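Q: Got a predicted structure plus its sequence, pasted below:
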Amino acid sequence: MQQIKSKKIEGIIDQIIDQYAHADRTERPWVIGFSGGKDSTVLLTLVWIALQRIRHQLPYPFQLRRKVYVVCNDTMVENPILAEYVTDVLKKIEEEARNQDLPIFVKRTTPKLEETFWINVIGKGYPVPNNSFRWCTDKLKIRPTSNFLLEQIDEMGEAIVLLGTRYEESATRERSIRRHEVTGRRLSKHQTSPNTYTYAPIKELRLEEVWYIINAVPSPWEFDNNILFQIYSDASADDYECPTVITDKKHTSCGQSRFGCWTCTVVKNDKSMTALVNNGRNWMQPLMDFRNRLVENRNLPENRMDRRRNGQLAKNKEDENNGTYDITYRYQILKDLLTVQKEVQQERPDVTLINNQELIAIQVIWNRDGFFDHTVGEVYKNIYDKDISTNNFKTLDQTEKRIIREVCEDDIKYYNLIDNLISLQETKTLLITKYGLHNDIERRIEKFATGTNL
């Protein structure tokens with residue numbers, strides 16, 4: 001077996017071997033959160049090498065009975081560069097885990113349809129996240145992974161989450177790690193998940209040691225780590241560059257840029273995406289411009305309603321609207337997003353910024369909120385010159401509309417009411433839940449009868 005020329009790194013591998021095979025004799029599964037970034041790549045690399053050595057040194061089947069899950073959470077708005085890379089890496093991890101007969105299993109998690117970024121922003125009208133209203137972390141990241149953890153706990157009783165966190169990342173991160181450490185023990189209780197423990201094998205690694213592993217240690221799942229290095233290199237602004245251990249002439253510097261959602265409006269400036277554009281990824285410019293528009297237009301009162309979705313009054317100190325986005329602005333965001341998607345797809349046809357299920361669900365939400373003047377199908381057809389590709393998204397055809405008009409004797413009010421009610425009824429086959437549909441229909445009829453919001 002290959003030895004790494006670092007006593008510190010070899011010591012971490014020995015510790016992982018001991019924890020997996022000796023210190024803990026249970027079969028509690030290990031769960032590795034894999035983002036495809038440098039730290040999670042190094043964590044998985046060292047765990048993988050440890051498993052290889054256990055199999056080599058102790059060739060008994062029971063020694064590798066503990067399952068190791070590589071869990072990758074796809075927020076569905078990941079940076080497309082890293083998302084493409086992660087897809088390729090996960091495929092290779094699955095393939096090599098089978099070839100090497102290792103108990104490593106890939107699991108991809110995604111938010112529930114009703115909790116995706118675009119459902120919340122365009123469908124429900126949530127203002128895009130900022131530091132004071134950071135709803136995205138819970139809905140897009142924490143809940144999907146927590147649901148998977150709960151499945152493992154239900155099956156095995158307990159689970160151990162391996163973290164790729166390091167002291168050196170930030171003073172805040174170091175305080176957080178140390179606060180939950182138990183002296184003399186490798187495992188700590190998970191902060192929020194019951195029957196879950198955490199284990200942070202690489203917490204003492206420095207940044208240059210992380211890059212040393214990526215650059216000098218061959219990927220145990222036989223992937224080219226130079227691809228990851230190049231992504232970081234391209235995403236590094238000048239002020240984010242750092243020295244690294246040089247293993248060949250290409251490895252002159254590395255970046256510690258953070259990758260996240262391309263739509264992220266929590267940060268003031270997306271330095272990694274800016275650097276990617278500046279380093280030749282010109283097709284990402286429309287994404288960056290779109291993201292900047294989301295930031296600029298977030299707090300404009302003309303884009304907001306005077307109520308939140310729960311009906312609570314929402315006004316700021318100047319008595320300006322501060323609630324959810326109004327339907328006109330939601331429609332404009334959708335139009336802008338689809339326009340950007342089409343532009344990007346001319347060069348990168350595999351990039352999808354919003355999928356068909358989300359488009360359909362957005363229309364369902366608009367219908368249930370009583371918005372019928374704007375339709376997703378119309379804006380999609382105007383931009384793509386074709387209908388949304390789905391068999392479930394049905395609207396009245398022209399003949400049916402003509403018959404209804406004749407029955408209504410050209411009274412547009414009655415025609416609109418019937419059309420609206422049919423739209424609501426059609427949501428039966430599209431909704432994740434039918435809860436509240438009766439109330440939606442009753443409210444629409446009440447508005448018609450009282451002459452409000454017609």
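A: Looks like it came in fine.
Q: switch to C-alpha atoms for all contacts and neighbour counts from now on
A: Will do.
Q: Least confident secondary structure element in this structure?
A: strand 241-242 (a mean of 38; mean pLDDT, DSSP states H and E).
Q: Which residue is the nearest non-sequential neighbour of the most centrally placed residue in the chain?
A: Taking Cα atoms, centre = their mean as the criterion, Thr75 is the residue nearest the geometric centre of the chain, at 1.1 Å. Nearest residue to Thr75, sequence neighbours excluded (Cα to Cα, 6 or more residues apart in numbering): Leu140, at 5.2 Å.
Q: Likewise for Lys386?
A: Tyr380 (7.3 Å).
Q: Let me know how buried the one you found is, in neighbour terms.
A: For Tyr380, the neighbour count with other Cα atoms under 10 Å is 18.
Q: Does it touch Gln363 like I think?
A: No. Between Tyr380 and Gln363 there is no contact, the gap being 11.6 Å when judged by Cα atoms under 8 Å.
Q: Parallel or antiparallel, which strands does the host helix or strand of Lys107 pair with?
A: When secondary structure is defined by DSSP states H and E, Lys107 falls within strand 104-109. Strand 104-109 has its sheet partners listed here by DSSP bridges as strand 68-73 (parallel).
Q: For the next helix or strand after the strand it pairs with, which helices and strands make contact with it?
A: Next along the chain after strand 68-73, taking DSSP H and E as the criterion, comes helix 80-99. Secondary-structure packing of helix 80-99 (3 or more Cα pairs under 8 Å, 6 or more residues apart in numbering; DSSP states H and E): strand 104-109, helix 225-234.
Q: Using PDB, write down the CA coordinates of helix 80-99.
A: In PDB, the C-alpha atoms belonging to helix 80-99 read as follows (Å, rounded to 0.1, in the frame of the first residue of the first chain):
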ATOM      1  CA  PRO A  80     -22.900  24.700 -12.500                       C
ATOM      2  CA  ILE A  81     -19.200  24.300 -12.800                       C
ATOM      3  CA  LEU A  82     -18.900  22.400  -9.500                       C
ATOM      4  CA  ALA A  83     -22.300  20.600 -10.100                       C
ATOM      5  CA  GLU A  84     -21.000  19.100 -13.300                       C
ATOM      6  CA  TYR A  85     -17.800  18.100 -11.600                       C
ATOM      7  CA  VAL A  86     -19.600  16.500  -8.700                       C
ATOM      8  CA  THR A  87     -21.800  14.500 -11.000                       C
ATOM      9  CA  ASP A  88     -18.800  13.000 -12.700                       C
ATOM     10  CA  VAL A  89     -17.000  12.300  -9.400                       C
ATOM     11  CA  LEU A  90     -20.000  10.600  -7.800                       C
ATOM     12  CA  LYS A  91     -20.300   8.300 -10.700                       C
ATOM     13  CA  LYS A  92     -16.700   7.300 -10.400                       C
ATOM     14  CA  ILE A  93     -17.000   6.800  -6.700                       C
ATOM     15  CA  GLU A  94     -19.900   4.400  -7.100                       C
ATOM     16  CA  GLU A  95     -18.100   2.500  -9.800                       C
ATOM     17  CA  GLU A  96     -14.800   2.100  -7.900                       C
ATOM     18  CA  ALA A  97     -16.500   1.300  -4.600                       C
ATOM     19  CA  ARG A  98     -18.000  -1.700  -6.400                       C
ATOM     20  CA  ASN A  99     -14.800  -2.600  -8.200                       C
END
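Q: Sweet, I'm off.
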